[in-house]
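**Q** 3D, please:
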Amino acid sequence: MTEIILVRHGETEWNVAEVFRGQIDIDLSARGVRQAELLAGYLSTSAIEAIYSSPLKRALKTAEIIANSHNLKVNVEPDLIDFNFGRWQGLSHQEVKEKDGDLYARWTAHPEKARMPGGETLADVRKRVIRVRNKVIENHRGTIVIVGHRVVNKVMVCALLGLDDSHFWKIRQDTCGISIFTYQNEQFILTRHNDTSFLKSIVGAPLSDF
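**A** Numbering: from 1, shown residues only. Sure, this is the predicted structure:
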């Protein structure tokens, strides 16, 4: 049996400011580092076989903090890189709504039909996460940690559960939240979703789904 612990990276300043990050390489904030440290403590007794991460600093730093507790090397996986938001990258949520209203409306109502100018579609991301899924199934039988991003992880959840990408907005994963799947009898079973119980010692209200 293979177990996948799907992790969203820790908080960044752009999460707080609601700025579209995409493939811009933003680092963790001090709070994000603390979140990753608490997550690492929570997973310290788990028998983790391997850790995979997006190449972007916010995910890679989160993964490295987890890996340090297990004397593991992080496997950098290019297919886990964040969604390419194209011309939205580096713009605030409000700026996008004002400057690109039609596309924003499509993104919020039918994300599976939205193509970002100069960027990707969710279908593009799905191809990437399926490659990662197949690699994990083929190479591991133990517990694997995958550290990614909001959009990528939402699409991953849909793909593992056999849902199409129209369900994107029905799934939420907060910064440093974990979702756990087991793979047995050729299917993935979701056993836990968006667990952030280990972050209770950090003061502050949860951010919006951004």
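
**Q** low-scoring stretches of the protein, by residue?
**A** Within the chain, the segments meeting pLDDT under 70 span 203, 205.

**Q** now do the helices in it.
**A** 13-17, 30-42, 57-68, 93-99, 101-109, 122-139, 150-161 (DSSP state H).

**Q** and the longest one, C-alpha only, in CSV?
**A** Coordinates of each C-alpha in helix 122-139 appear next as CSV, following Å, rounded to 0.1, in the frame of the first residue of the first chain:
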residue,chain,number,x,y,z
LEU,A,122,-6.2,23.4,-15.5
ALA,A,123,-6.0,20.6,-18.1
ASP,A,124,-2.3,21.4,-18.5
VAL,A,125,-1.8,21.1,-14.8
ARG,A,126,-3.7,17.8,-14.7
LYS,A,127,-1.3,16.3,-17.3
ARG,A,128,1.6,17.2,-15.0
VAL,A,129,0.0,15.8,-11.8
ILE,A,130,-0.9,12.6,-13.5
ARG,A,131,2.7,12.1,-14.4
VAL,A,132,3.7,12.7,-10.7
ARG,A,133,1.0,10.2,-9.6
ASN,A,134,2.2,7.5,-12.0
LYS,A,135,5.8,8.0,-10.8
VAL,A,136,4.8,7.6,-7.2
ILE,A,137,2.8,4.5,-7.8
GLU,A,138,5.5,2.9,-9.9
ASN,A,139,8.4,3.7,-7.5
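
**Q** what about it, distance to the chain center?
**A** With C-alpha atoms, centre = their mean, to the nearest Å as the basis, helix 122-139 stands 13 Å off its chain's centre.

**Q** so which bits of it are buried?
**A** For helix 122-139, a neighbour-count test (16 or more other C-beta atoms under 10 Å) marks Leu122, Val125, Arg126, Arg128, Val129, Val132, Arg133, Val136 as buried. For glycine as for every other residue, the C-beta is placed from the backbone atoms N, C-alpha and C.

**Q** list just the nearest of the residues you listed to Glu13.
**A** Nearest to Glu13 among the buried residues of helix 122-139, counting by C-beta to C-beta, is Val125 at 24.0 Å.
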